[in-house]
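In: dropping the sequence and predicted coords here.
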2 protein chains.
Amino acid sequence: MTDPRLDILRQALPALRVSVDPSDLEHYGRDWTRRWSPAPLAIAWPADTGEVQMLLRWAHDHVVAIVPSGGRTGLSGGAVAANGELVVSLERMNRVLGFDVVDRTLTVQPGIALQAVHEAAAAHGLQYPVDFGARGSCTIGGNIATNAGGIRVLRYGNTREWISGLKLVTGNGAVLDLNRGLVKNSSGYDLRHLAIGSEGTLGIVVEATLKLTDPPPPAQTLLLALPSFEVLMRVFAGFRARVRLQAFEFLTADGLAHVVAHGGVDPFDARHPYYVVAEFDAVDDVQQAAGLAAFEACAEAGWIVDGVIAQSQAQAQQLWRLREGITEAIARYRPYKNDIAVRMGAMPAFLAQAQALLATAYPDFEVVWFGHIGDGNLHINVLQPDGSDDDAFMRQCGHVTELLAALLAEHGGSISAEHGIGLVKKPYLGSTRSAEEIALMRGMRAVFDPAGILNPGKLFD
Amino acid sequence: MTDPRLDILRQALPALRVSVDPSDLEHYGRDWTRRWSPAPLAIAWPADTGEVQMLLRWAHDHVVAIVPSGGRTGLSGGAVAANGELVVSLERMNRVLGFDVVDRTLTVQPGIALQAVHEAAAAHGLQYPVDFGARGSCTIGGNIATNAGGIRVLRYGNTREWISGLKLVTGNGAVLDLNRGLVKNSSGYDLRHLAIGSEGTLGIVVEATLKLTDPPPPAQTLLLALPSFEVLMRVFAGFRARVRLQAFEFLTADGLAHVVAHGGVDPFDARHPYYVVAEFDAVDDVQQAAGLAAFEACAEAGWIVDGVIAQSQAQAQQLWRLREGITEAIARYRPYKNDIAVRMGAMPAFLAQAQALLATAYPDFEVVWFGHIGDGNLHINVLQPDGSDDDAFMRQCGHVTELLAALLAEHGGSISAEHGIGLVKKPYLGSTRSAEEIALMRGMRAVFDPAGILNPGKLFD
């Protein structure tokens, strides 16, 4: 029962690795959302740019839908293949292609894991500063497809800021070599920036040139206990005014409890309603003292009720685990995730309304939320009760997301800060982007992918 | 002899300021290139977004070509109106609309001068870090249209990095409110980044939200004298390894001589072949000493033959004038400008060939070159000899630019680093962007501007 289109593919590309093995279809057909039943046509593992190009020409000519696939750690269904698509896994294209000491750039294939990029940069005494919990599994190609953010955006910006060159194969098999590592290049539309965050709908990334920077300076890591959410922005402002923040992440008592249940260590005697993991530059005594002064000023005002300063790298990692371990600790509840953003200036007004909304809309579900407050980014995780009905749970979450989307629209926010739109947030794209914007995006997608083969059904129809 | 289309416009928008006065047509029809005879249909000065929108709807319906117009300091002819276009001057839309202390953003209208933005940021104790010589005349709208670079790119990046929100009116009069100041927003294609650098061909910028940052730290300014061009990259590497550079600009003896002839002060006793104006963070004695150590190491190696450290703000400005004063000092020769970029790593190989090319290609013309070596960006100015024939001069420069473009293509460079393509570099766009990229850009332009009214003839046909 092999598809005749696959026979043509095998004839055109006899060396291409292709599988229709059911366990491969199951494994490569889904991402971390686990809400759709995988049903791809087949999985292909191209070995190089030439094979990707040939694959896309074949897909274009035979109108085969393609799902580009990296580490499949995505949380919006962007890498799900549930409709007979060919999954193009970039797993085999996972090498470092080059390092330039003068430009301080690393050129990599798309299937390389983020952590391997970190290690390659460190081997040259430099840093690739985009970082987040999925670093061991997620790939650079996927990071680029969603313009991944993470825990260092406050200091270093999103993935977008670190891509100085991008090779992309479009929907008709053209290979674009975009920007080629240039610092300055004012020669028409920057298609590189258009491709970043396009969720595999404009082309498949086959190579990226990443900017590197100096390693992070010595830093101090703190865990702060806060009595209420209202003081959070004040604590943030108090630290930002005195130190150079590398990260400023908040979590709730519920989130902490989940991590502690999975082996995390709570350094405090009592449980507190809110926590912040903060990290700031501590190159010398002056910067150390500034951090301490920020802490004391906030404590004196009653905005911080307890705190721990990491005394070692190991303790810093323990504190970080309390924040970074949440996603893993709650994974078994297959949480429905909202990943939203507003301007920081709009945060207090938005939050007052959002908290009230969530409290009344989810009376029966546990909601674990945390986020990157310095970027205006909140993660809201609704845990699915054990034994509850999938469809009813998703309907309820969808309904609340509609209300949340309306609130976001009112406050100029975004329905997706860093996870992307994919399938999960597609119904709510209109809360963040106007009808005119979506119409323009649709027009551009048709220019890059005239046959409509690239990740169809994702982002928008 | 008023155009009937203007009568319709006047009826539709009776309050709109419009002029067909010959002196206005002459003044607003050209930019700093001064190579085309201005011949616009009329000049319009909209007062607000609504008037821009109405204007573009009218232009769309009656197929009137539009030239968006800021400070007209452009050097590529992007704001030239030589073919009966309506010039839309954003001069009257020049206000600061808001400042947000939490987000640290400034929202402005497009017609505000860069220097006024600097002053508004400084009034709030912050900095808008994009900077270059034309700061007093150029406008933010124009900066965005060309993704302007300048003298601080090494430290702060191009204009692109500092735009967190953009309001744009497209070719059919739709008003897009792009990204709205969000730090994180992964909700489809980033049309903001597409608009930045699009030279007025995708829409007219009517509002921008600019990120601000901490004021620059105390800095040390140096003028270095170099014995040859070959050592330049080594001096750069020597400083970059030891200090945090804010700027690293080079110029030649010829360039310095032109500035001195215009009142600049050469602090050295002898003339040297090459000079560098360098500026680095000097917050404390440690950083000061690191800069001195870099200087001494380079001097010991024979890469620096003389040097001056500014002892005051006034002296720093004098040193800066030697670099920044070049454009003004050579303006009377109506220089033909090449504004090219390569990766820093490609610079030595490219330069060896480029210098040989320029020496043989322009035996009769004086060539003044300078640039931002830390960004891989060189400015090559060919001075037109007094009394020479315009057309013959331009033909010769065009011929050499063709050779230079071929060399750039070989080394992966760009025909325009920061001036844009406009009319001047349009014939050479193919050296930097592939035929596939240009075809995609053409398709996208048609999506944003279906009637083809936005700056037609600029960038590409």
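Out: Arrived safely.

In: up against chain B, what does the stretch 251-400 of chain A have?
Out: Contact residues, the stretch 251-400 of chain A versus chain B (Cβ under 8 Å from any Cβ of the partner chain): A:341, A:342, A:343, A:344, A:345, A:347, A:372, A:375, A:376, A:377. Where C-beta positions appear, they are placed from N, C-alpha and C, glycine not excepted.

In: so which of these belong to strands?
Out: Mapping those onto strands (DSSP state E) picks out A:341, A:372, A:377.

In: count of residues packed around the nearest residue to the last one once chain neighbours are set aside?
Out: This points to residue A:377. Closest residue to residue A:377 apart from its sequence neighbours, by Cβ to Cβ, 6 or more residues apart in numbering or on different chains: residue A:417 at 4.1 Å. As a burial measure, residue A:417 scores 29 neighbours (other Cβ atoms under 10 Å in any protein chain shown).

In: separation between residue A:417 and residue A:378?
Out: 8 Å (Cβ to Cβ, to the nearest Å).

In: likewise residue A:367?
Out: 11 Å.

In: neighbour count for the two, which is higher?
Out: residue A:378 (22 against 19).

In: name the residues contacting each of residue A:417 and residue A:378.
Out: Common contacts of residue A:417 and residue A:378, defined by Cβ atoms under 8 Å, 6 or more residues apart in numbering or on different chains, comprise A:339, A:340, A:341.

In: checking my notes, residue A:194 in a strand, right?
Out: No: counting by DSSP: H, G, I helix; E, B strand; the rest coil, residue A:194 is not found in a strand; it is helix.

In: for the stretch 1-150 of chain A, which spans come out with low pLDDT?
Out: A:1 (pLDDT under 70).

In: next, residue A:405: secondary structure please.
Out: helix.

In: which residue comes closest to it once chain neighbours are left out?
Out: Leaving aside its chain neighbours, residue A:405 sits nearest to residue A:431 (3.6 Å; criterion: Cβ to Cβ, 6+ apart).

In: am I right that residue A:94 is in a helix?
Out: No: secondary structure assignment (three-state DSSP) places residue A:94 in coil, not in a helix.

In: next up, the contacts around it.
Out: Going by Cβ under 8 Å, 6+ apart, residue A:94 touches A:109, A:111, A:112, A:113, A:116, A:139.

In: ok, now how distant is the closest residue to the third one other than its chain neighbours from residue A:139?
Out: Of all residues not flanking residue A:112 in the chain, residue A:94 sits nearest, at 4.7 Å (Cβ to Cβ, 6+ apart). Using Cβ to Cβ, residue A:94 is found at 7 Å from residue A:139.

In: what touches both of those two?
Out: Common neighbours of residue A:94 and residue A:139 (Cβ under 8 Å, 6+ apart) are A:111, A:112, A:113.

In: all strands of the stretch 1-150 of chain A, in order?
Out: A:17-19, A:42-45, A:66-69, A:86-89, A:96-100, A:105-108 (DSSP state E, counting those that start in this stretch).

In: next one: the last one to chain centre, how far?
Out: The one in question is strand A:105-108. 20 Å (Cα atoms, centre = their mean, to the nearest Å).

In: quick one: strands adjacent to it?
Out: Using DSSP bridges, strand A:105-108 pairs in its sheet with strand A:96-100 (antiparallel), strand A:204-211 (antiparallel).

In: show me what stretch A:16-29 is in contact with.
Out: By Cβ under 8 Å, 6+ apart, stretch A:16-29 touches A:2, A:6, A:9-10, A:38-47, A:51, A:54-55, A:69, A:72, A:80-82, A:87, A:89, A:92.

In: which helices and strands does the strand or helix carrying residue A:295 pack with?
Out: Under the criterion of DSSP states H and E, residue A:295 resides in helix A:285-300. If contacts are counted by 3 or more Cβ pairs under 8 Å, 6 or more residues apart in numbering or on different chains; DSSP states H and E, helix A:285-300 sits against strand A:219-226, helix A:232-242, strand A:274-281.

In: quick one: buried residues of it?
Out: Burial within helix A:285-300, assessed by neighbour count using 16 or more other Cβ atoms under 10 Å in any protein chain shown, is assigned to A:287, A:288, A:290, A:291, A:292, A:294, A:295, A:297, A:298, A:299.

In: after that helix, next one along is what?
Out: Following helix A:285-300 in sequence, per DSSP H and E, is strand A:306-309.

In: what sits up against that next one?
Out: With Cβ under 8 Å, 6+ apart, strand A:306-309 has contacts from A:220-225, A:267-268, A:270, A:272, A:295, A:299, A:315, A:319.

In: what pLDDT, on average, does it get?
Out: For strand A:306-309, the mean pLDDT works out to 96.

In: report the distance from the helix or strand following it to the chain centre.
Out: Counting by DSSP H and E, the next helix or strand C-terminal to strand A:306-309 is helix A:313-324. In this view, helix A:313-324 has its centroid 20 Å away from the chain centroid, taken as Cα atoms, centre = their mean.

In: before we move on, what about stretch A:450-460?
Out: The answer for stretch A:450-460 is 21 Å, by Cα atoms, centre = their mean.

In: Throw the buried residues of helix A:285-300 into a markdown table and include distance to residue A:206 and pLDDT, thanks.
Out: Formatted as a markdown table, those follow (distance: Cβ to Cβ, whole Å; pLDDT from 0 to 100):
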| residue | distance to residue A:206 | pLDDT |
| --- | --- | --- |
| A:287 | 42 | 94 |
| A:288 | 46 | 94 |
| A:290 | 45 | 96 |
| A:291 | 44 | 96 |
| A:292 | 49 | 95 |
| A:294 | 46 | 97 |
| A:295 | 48 | 97 |
| A:297 | 51 | 97 |
| A:298 | 48 | 97 |
| A:299 | 52 | 97 |
